[in-house]
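J.: Sequence and computational prediction follow.
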Amino acid sequence: MTAEPDWPERLASAGRRLAAARAEEAAAREQARELAIAAIAAGQTEAGVARALGVDRMAVRNWLGKRK
């Protein structure tokens, strides 16, 4: 007979991993936003920045405050 898994600890561990992944994603998005704004201020196009970052051009426009 096998022991039952320790569900509370396994779930808590998965929750911690999800929280860490969300924090990492938020940091990566913020870095991308800051770089996009700087690149466009330096003369890069919105479309080119979006393509390089792998995001939609409208996301870049949103970061620039051009979209509501």
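T.: Sure, I can see it.
J.: quick one, helices of the chain?
T.: For the chain, applying DSSP state H gives helices covering 7-41, 46-53, 57-63.
J.: export the ones you listed to JSON lines and tack on mean neighbour count and mean pLDDT?
T.: All C-beta spots, glycine's among them, are computed from the backbone N, C-alpha and C. Shown next, in JSON lines, are the helices of the chain (neighbours: other C-beta atoms under 10 Å; pLDDT from 0 to 100):
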{"stretch": "helix 7-41", "mean neighbour count": "12", "mean pLDDT": "97"}
{"stretch": "helix 46-53", "mean neighbour count": "16", "mean pLDDT": "98"}
{"stretch": "helix 57-63", "mean neighbour count": "17", "mean pLDDT": "96"}
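J.: So L64 is in contact with A38, correct?
T.: No - counting by C-beta atoms under 8 Å, L64 sits too far from A38 to count as a contact (11.3 Å).
J.: check contacts around V60.
T.: Listed by C-beta atoms under 8 Å, 6 or more residues apart in numbering, the contact partners of V60 are A36, I40, E46, V49, A50, L53.
J.: Of those, which is the nearest to G15?
T.: Nearest to G15 among the contacts of V60, counting by C-beta to C-beta, is L53 at 29.3 Å.
J.: I'd like to know how far R57 sits from R22.
T.: According to C-beta to C-beta, to the nearest Å, R57 stands 25 Å off from R22.
J.: same deal with P5?
T.: According to C-beta to C-beta, P5 stands 25 Å off from R22.
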